[in-house]
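A.B. asks: From the sequence below, what's the structure:
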Amino acid sequence: MKLCSLKIIYQLCIALIVLAVSTDSVALASEKGLVVINSITIKGNNTTNEKIILRELTFNEGDTLSYAELEENLTQSTHNLNNTLLFNFVTVIHNQQSNSVIVEVEERWYIWPFPVFEYSHRNLSAFFNDGDLSRVNYGAYIVIDNFRGLREQIKLRLVWGYRKQVRVQYFSHNLDKNKKHGISGLVSYYTNYEVPYQSLNNKPVYYFTNNGDARRVFHTSLTYRYRPKHNWHQSLTFGWIKATVADTVTKLNPNYFGKSSSNFTISEVKYETMYDKRNSKIFPLQGYFGRAEIARQGIFSNETISNWNVKLLAGYYAKISDRFYAGTDGLIQLNTKKKLPYYLNEAIGYGNYIRGMEYYTTNGSNYILNKNSFKFQLLKTKIIKLPLIPEGRFKKTHISLFWSIFADTGYVHPELNATQSDLEGKLLYGYGTGLNLFAYYDIVFRVEYSINLLGEKGFFIHFGTPFLNQ
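C.D. replies: Have a look, this model is predicted:
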């Protein structure tokens with residue numbers, strides 16, 4: 001009995017000593033203008049695993065920070081959580097009385113089964129300009145975000161119409177307990193009864209067939225992802241593509257796949273590294289990023305081509321004053337093979353375009369592109385409740401409106417057979433002004449008036465970021 005009492009007294013003494021030391025440490029830190037984070041409380045994560053949220057914080061319980069460091073860490077942690085695209089709203093605050101940090105999130109809707117009705121053009125403006133409703137896809141698309149609350153994502157896409165497609169994707173960031181290692185996979189098969197086989201006057205020319213498919217493509221890839229730090233991402237991808245086209249396509253353009261072949265097989269290994277300090281990946285206003293990727297296309301000697309592809313991307317965004325913002329993006333692509341098959345030879349005007357030149361495409365293995373914007377915030381970010389919508393994850397939204405002035409430039413190195421009328425080999429540019437609406441669920445709606453190097457003027461409508469596709 002006496003032995004048991006002595007043990008209890010001993011444990012109480014140890015606890016009092018630890019408490020006294022801890023209290024003295026907090027008091028000493030406070031005297032020096034430092035903050036000791038006693039605890040981290042997370043609220044609102046009904047689905048999301050707490051570890052996923054803690055992974056995005058740039059501090060831990062027990063850390064000692066200056067007030068300036070604390071403020072910087074709270075801001076960066078908020079940006080990190082917003083860029084997971086798991087939440088509509090994120091608040092990270094410090095409670096001075098208890099020296100605790102409170103993280104409050106409002107989760108998005110994570111299961112999206114919805115019908116597909118989309119255009120197959122390079123951008124929305126090109127679709128409106130062409131006016132061909134036969135190039136419309138329809139079908140079903142199911143996206144499960146934050147699967148199991150672990151930031152996993154599953155995508156299933158079934159499409160008919162202009163393009164018939166079956167596509168399955170899986171993403172995971174959680175191969176280890178520290179959430180530094182991840183994996184993703186893709187399997188896709190699609191066919192077209194119409195396919196662009198060459199470019200004329202910097203616009204694609206199409207081949208159409210009623211007999212079978214004009215093109216069939218099978219694509220699969222597996223990616224290992226590594227995130228050693230919050231803002232540093234790396235990945236290694238192994239991919240394989242098997243494609244075939246109708247014999248008529250290769251007769252119309254012997255270089256469609258190269259060597260007058262109607263079959264194309266290529267394997268690829270690609271390494272990417274990216275450092276990202278943007279406040280938003282969707283609509284960046286402050287911060288910067290840099291990304292480099294190098295790919296070996298044609299790993300084996302019996303494949304269609306053998307090529308090294310290098311891409312360098314960078315962007316910088318700054319707040320000039322209370323409502324004024326400026327941003328610039330740059331992209332350089334280089335290939336060791338001077339004349340790529342038409343199937344791979346896409347330059348400016350496809351995924352990335354110059355504003356004011358949405359109707360045009362360029363082809364070339366090497367090119368450079370720069371996009372610049374100066375924005376004035378007409379409507380500061382407001383949180384509003386939408387009428388006629390019941391309480392839930394769609395009831396409340398943030399919304400902001402910007403007026404922008406922009407100027408884009410680019411240059412595509414001309415191929416050997418380029419003509420005087422081609423845009424390749426010329427300084428490409430477009431400039432103009434527009435309105436950008438940014439709202440919840442990553443909605444960016446843009447209406448722009450642009451002028452290009454050809455003197456053409458017009459209004460263009462876009463959904464998505466005005467900067468480079470990442």
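A.B. asks: and the host helix or strand of V105, which residues are buried?
C.D. replies: For V105, the host element (DSSP states H and E) is strand 100-107. Under the neighbour-count criterion of 16 or more other C-beta atoms under 10 Å, strand 100-107 has 101, 103, 105-107 buried. From N, CA and C alone the C-beta is placed, and that goes for glycine too.
A.B. asks: neighbouring strands for it, and are they parallel or not?
C.D. replies: Sheet pairing of strand 100-107 (DSSP bridges) gives strand 39-43 (parallel), strand 87-95 (antiparallel).
A.B. asks: Name the surrounding residues that touch that strand.
C.D. replies: 37-48, 53, 57, 59, 74, 77, 81, 86-95, 146, 393, 396 (C-beta atoms under 8 Å, 6 or more residues apart in numbering).
A.B. asks: domain ranges for this structure?
C.D. replies: Domains of the chain are assigned by automatic domain parsing as 33-107, 111-463.
A.B. asks: Going by mean pLDDT, which of these comes out lowest?
C.D. replies: Of all the domains of the chain, the minimum mean pLDDT falls on domain 111-463 (a mean of 89).
A.B. asks: can you give me the end-to-end distance of that domain?
C.D. replies: End-to-end distance of domain 111-463 (C-alpha to C-alpha, to the nearest Å): 22 Å.
A.B. asks: how far does it sit from the chain's center?
C.D. replies: 9 Å (C-alpha atoms, centre = their mean, to the nearest Å).
A.B. asks: you'd agree K396 is up against I383?
C.D. replies: Yes - if you go by C-beta atoms under 8 Å, K396 and I383 touch, sitting 6.2 Å apart.
A.B. asks: More neighbours: which of those two?
C.D. replies: K396 (16 against 11; other C-beta atoms under 10 Å).
A.B. asks: which ones are touching the more buried one?
C.D. replies: Counting by C-beta under 8 Å, 6+ apart, the residues that K396 touches are 88-89, 106, 383-386, 440.
A.B. asks: Just the buried residues of these.
C.D. replies: 88-89, 106, 440.
A.B. asks: and which of the residues you listed is nearest V245?
C.D. replies: Y440 (41.9 Å; C-beta to C-beta).
A.B. asks: shouldn't the closest one be in contact with F87?
C.D. replies: No - with contact defined as C-beta under 8 Å, Y440 does not count as touching F87 (10.1 Å).
A.B. asks: Partner strands of the host helix or strand of H398 and their direction?
C.D. replies: H398 is part of strand 396-412, with elements assigned from DSSP H and E. Sheet pairing here is set by DSSP bridges, and for strand 396-412 it gives strand 367-385 (antiparallel), strand 428-439 (antiparallel).
A.B. asks: ranking those by burial, who's on top?
C.D. replies: Comparing these by mean neighbour count (mean count of other C-beta atoms under 10 Å), strand 428-439 comes out on top with a mean of 20.
A.B. asks: need the next SSE after that strand, C-terminal direction.
C.D. replies: strand 443-452.
A.B. asks: mind listing the helices for the stretch 201-350 of the chain?
C.D. replies: 247-252 (DSSP state H, counting those that start in this stretch).
A.B. asks: Now stretch 192-212: buried residues?
C.D. replies: For stretch 192-212, by 16+ other C-beta under 10 Å, it's 192-197, 199, 202, 204, 207.
A.B. asks: Mind jotting down where the strands sit in the stretch 251-400 of the chain?
C.D. replies: Taking DSSP state E, counting those that start in this stretch as the test, the strands found in the stretch 251-400 of the chain are 263-276, 287-297, 307-319, 324-335, 367-385, 396-412.
A.B. asks: Reformat these as TSV; add distance to L236.
C.D. replies: Output for the strands of the stretch 251-400 of the chain, formatted as TSV (distance: least, C-beta to C-beta, whole Å):
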stretch	distance to L236
strand 263-276	5
strand 287-297	11
strand 307-319	15
strand 324-335	20
strand 367-385	25
strand 396-412	29
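A.B. asks: out of the ones you listed, nearest to T223?
C.D. replies: For the strands of the stretch 251-400 of the chain, the distance to T223 is smallest for strand 263-276, at 8.7 Å, taking C-beta to C-beta.
A.B. asks: That closest one pairs with which strands?
C.D. replies: Its sheet considered, strand 263-276 pairs with strand 232-245 (antiparallel), strand 287-297 (antiparallel) by DSSP bridges.
A.B. asks: what inclination does that strand have with respect to strand 307-319?
C.D. replies: 30 degrees (axes from the mean of the first three to the mean of the last three C-alpha atoms, to 10 degrees).
A.B. asks: and strand 263-276, C-alpha only, in CSV?
C.D. replies: The C-alpha trace of strand 263-276 is given here as CSV (Å, rounded to 0.1, in the frame of the first residue of the first chain):
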residue,chain,number,x,y,z
ASN,A,263,0.1,3.1,-87.0
PHE,A,264,1.8,4.9,-84.2
THR,A,265,3.3,3.4,-81.0
ILE,A,266,5.3,5.3,-78.5
SER,A,267,6.4,4.9,-74.9
GLU,A,268,7.5,7.8,-72.7
VAL,A,269,9.2,8.4,-69.4
LYS,A,270,8.8,11.9,-67.9
TYR,A,271,10.2,13.6,-64.9
GLU,A,272,8.6,16.8,-63.5
THR,A,273,9.6,19.1,-60.7
MET,A,274,7.6,22.1,-59.5
TYR,A,275,7.9,24.7,-56.8
ASP,A,276,4.6,26.5,-56.2
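A.B. asks: For it, report the contacting residues that lie outside it.
C.D. replies: Contacts for strand 263-276 (C-beta under 8 Å, 6+ apart): 83, 231-245, 257-258, 287, 289-300, 303-305, 341, 343.
A.B. asks: Filter these down to the buried ones.
C.D. replies: The buried subset of these - by 16+ other C-beta under 10 Å - is 83, 231, 233, 235, 237, 239, 241, 243-245, 257-258, 287, 289, 291, 293, 295, 297-298, 303-305, 341, 343.
A.B. asks: Compare the strands paired with strand 263-276 and give me the one nearest Y317.
C.D. replies: strand 287-297 (5.7 Å).
A.B. asks: The closest one vs strand 324-335, what angle?
C.D. replies: Using the same axes, to 10 degrees: strand 287-297 against strand 324-335 is 10 degrees.
A.B. asks: Residues touching strand 287-297, excluding its own?
C.D. replies: Counting by C-beta under 8 Å, 6+ apart, 79, 266-279, 305-317, 344, 470 sit against strand 287-297.
A.B. asks: one more time with 6 Å
C.D. replies: Strand 287-297 is contacted from outside by 266, 268-279, 307, 309-317, using C-beta atoms under 6 Å, 6 or more residues apart in numbering.
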